[in-house]
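[1] using only what follows, build the 3D model:
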Amino acid sequence: MKLQKYNQMFEADIKKNKGVPQDYIEDVERKGREKYGYNGPNRAEFMEMMESLDDVFRIQDGHEDEITEIGKEIIMNHYGGLLEDVKLDIKVVKPNDSEKREMVDKMKDGDDEEEQEPEIPSDDIELPEEPVDQDEVDKRKILNNLMQGEAQNVHSMMHEAKDKIDNIDEFLLDLYVRVLEINKKFDWFDQAQMMENPDMASAEEVDWEEDEESGETTPVIKVRALDLPMLIHETVKGIYELIMANAIPDNEYLAKRIMAETDTISDEKEDIKFGPFIAADIRDFINSHLERKHPGKIEITNLREFIYSKMVELEAEPFTSLIYAMLSDDVDTADKLLEEVTIVERAIEDATYEPEDEKEPDYPIAFDDTADPMDHTRHDTGKTEEDEALKPKERTYADMSKSELDSILNQALDDSDFETIKKLQPYL
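    Got it, this is the predicted structure:
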């Protein structure tokens, strides 16, 4: 008889993940059902989805390069500080683009290879493989959810480029948003097989390009996407793959075993469902931690991504313990874990690092040499430190609840207030 492979007992499942509280995942599932409906998209929504996509492709026809540049600008506005040494090979293409099809086929073939089992005679016994550390599998699964969740956050980014999108067609942005809304129902009710035509898929991969002369390698994020939302989505996924690269074990055999259990198409379908909730709650905790322990630092560009890059360096067990504390709102434990390994301090140092030759010269502050040097009235506001201390603290976006932020975002969208939308982005 044939024994089951030992490692198959450890298939990744977010509902059994050591770093995710059981009641938390049940609550997320309830919220997802309430938000996206209990029966999935109906026939009318499916037809609307198809018609909307046809309209998107018709409008985009001939404007693919223009839309690609809009996407690049949005990405650089939000992640430019992380991409100085990264090559972006990203394009909006037509559904039948041959290069995109090749990338999609490669992804599908890789998934099929992992799922295939060799045929062996019934009287043979397959000895169990050495088990993969379940903590490593759980860590990778959480990171994939974090990556998918961050990549889902495209709505407000697109609105920053509303004027440029409107110049192509005034209905295009609304079509993008509506397609995303209906697509979430497909994601949540496992009806993605209805959309598995390779022509309807976007593709992303991360690779390294080697310079033959210097021998140096450059990471390349390659994306071939059907539209602007998917261009942003897939590119952000690529950025997070690079951030999380340090979490992959150096042992190539072990790395392949872990990824075989966490990086399949079926895994991705689950990650797309739960990832946005998990990523949002981890982000909210980090924002609140910064406000409590490092006031004034939350505005540092891409600080959250630098914090994630330090978190992924943790060993699997302390990593899952940290995420568990964050998601269960165990503030004291999570704060303690973050502080013990100086994750935030090291992230701030990296995020604000400037090479010596790029720093601003440390000149004295300029002053008006015609003024009386003993006259300090220009600098005297008449307020004392005690007065300032008694003033009520002004609420920041970090202090607000998700519903309050959503309300401000919706108002900003109605008013085409793109500056407010951009300021809200780190908290959404």
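
[2] am I right that residue 208 is in a helix?
    No. Assessed by DSSP: H, G, I helix; E, B strand; the rest coil, residue 208 does not belong to a helix; its assignment is strand.

[3] between the two ends of stretch 189-197, how far is it?
    This stretch, stretch 189-197, spans 18 Å end to end (Cα to Cα, to the nearest Å).

[4] ok, stretch 287-307 next?
    Using Cα to Cα, the distance between the terminal residues of stretch 287-307 is 11 Å.

[5] what kind of secondary structure is residue 313 in?
    Applying three-state DSSP: residue 313 is coil.

[6] going forward, count from 41.
    Right, with 41 as the first residue, what we last looked at is residue 353.

[7] my guess is it contacts residue 286, does it?
    Yes. Using Cβ atoms under 8 Å, residue 353 makes contact with residue 286 at a distance of 5.4 Å. Using the backbone N, CA and C atoms, a C-beta is placed for each residue, glycine as well.

[8] residue 353 and residue 346, how far apart?
    12 Å (Cβ to Cβ, to the nearest Å).

[9] and these two? Which one has more around it.
    Neighbour totals were compared for residue 353 and residue 346, and residue 346 leads with 24 against 12 (other Cβ atoms under 10 Å).

[10] OK, contacts around that one?
    Neighbouring residues of residue 346 by Cβ atoms under 8 Å, 6 or more residues apart in numbering: 387-388, 390-391.

[11] buried among those residues? Make that a ChimeraX selection.
    Selection of buried members from the contacts of residue 346 for ChimeraX, criterion 16 or more other Cβ atoms under 10 Å:
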select :387,388,391
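
[12] let's see which of the contacts of residue 346 end up in helices.
    387-388, 390-391 (DSSP state H).

[13] of those residues, which pair is most distant in space?
    388 and 390 (7.4 Å; Cβ to Cβ).

[14] just give me the longest helix of the protein.
    Counting residues, the longest helix found in the chain (DSSP H) is helix 305-333.

[15] can you find the helix or strand of this structure with the lowest average pLDDT?
    Lowest mean confidence among the helices and strands of the chain (mean pLDDT, DSSP states H and E): helix 425-430, at a mean of 46.

[16] tell me the mean pLDDT for the helix or strand where residue 245 lies?
    Following DSSP states H and E, one finds residue 245 within strand 243-250. The average pLDDT within strand 243-250 is 92.

[17] what's the answer for stretch 336-350, then?
    pLDDT averaged over stretch 336-350 gives 94.

[18] end-to-end on that stretch?
    End-to-end distance (Cα to Cα), stretch 336-350: 20 Å.

[19] centre of the chain to that stretch, how far?
    Mean C-alpha position of stretch 336-350 versus that of the full chain (Cα atoms, centre = their mean, to the nearest Å) differs by 14 Å.

[20] in that stretch, what's buried?
    337-338, 340, 342-350.

[21] the helix or strand residue 89 falls within: what's the following helix or strand?
    If you go by DSSP H and E, residue 89 is part of helix 83-100. Using DSSP H and E, the next helix or strand after helix 83-100 towards the C-terminus is helix 104-119.

[22] before we move on, the earlier item: mind listing the strands the strand holding residue 245 pairs with, and their directions?
    strand 257-265 (antiparallel) (DSSP bridges).

[23] picking up where we left off before, okay, buried residues for the strand holding residue 245 please.
    Quick answer for strand 243-250 (16+ other Cβ under 10 Å): 243-246.

[24] alpha carbons of the helix holding residue 89, as PDB, please.
    Extracted in PDB, the C-alpha atoms of helix 83-100 (Å, rounded to 0.1, in the frame of the first residue of the first chain):
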ATOM      1  CA  ARG A  83     -26.000  36.300 -13.100                       C
ATOM      2  CA  ALA A  84     -26.800  40.000 -13.600                       C
ATOM      3  CA  GLU A  85     -23.500  40.900 -11.900                       C
ATOM      4  CA  PHE A  86     -21.600  38.400 -13.900                       C
ATOM      5  CA  MET A  87     -23.000  39.800 -17.100                       C
ATOM      6  CA  GLU A  88     -22.200  43.400 -15.900                       C
ATOM      7  CA  MET A  89     -18.700  42.300 -15.100                       C
ATOM      8  CA  MET A  90     -18.200  40.900 -18.700                       C
ATOM      9  CA  GLU A  91     -19.700  44.000 -20.300                       C
ATOM     10  CA  SER A  92     -17.600  46.400 -18.100                       C
ATOM     11  CA  LEU A  93     -14.400  44.500 -19.000                       C
ATOM     12  CA  ASP A  94     -15.300  44.800 -22.700                       C
ATOM     13  CA  ASP A  95     -15.800  48.500 -22.200                       C
ATOM     14  CA  VAL A  96     -12.500  48.800 -20.300                       C
ATOM     15  CA  PHE A  97     -10.500  47.000 -23.100                       C
ATOM     16  CA  ARG A  98     -12.300  49.100 -25.800                       C
ATOM     17  CA  ILE A  99     -11.400  52.400 -24.100                       C
ATOM     18  CA  GLN A 100      -7.900  51.300 -23.300                       C
END
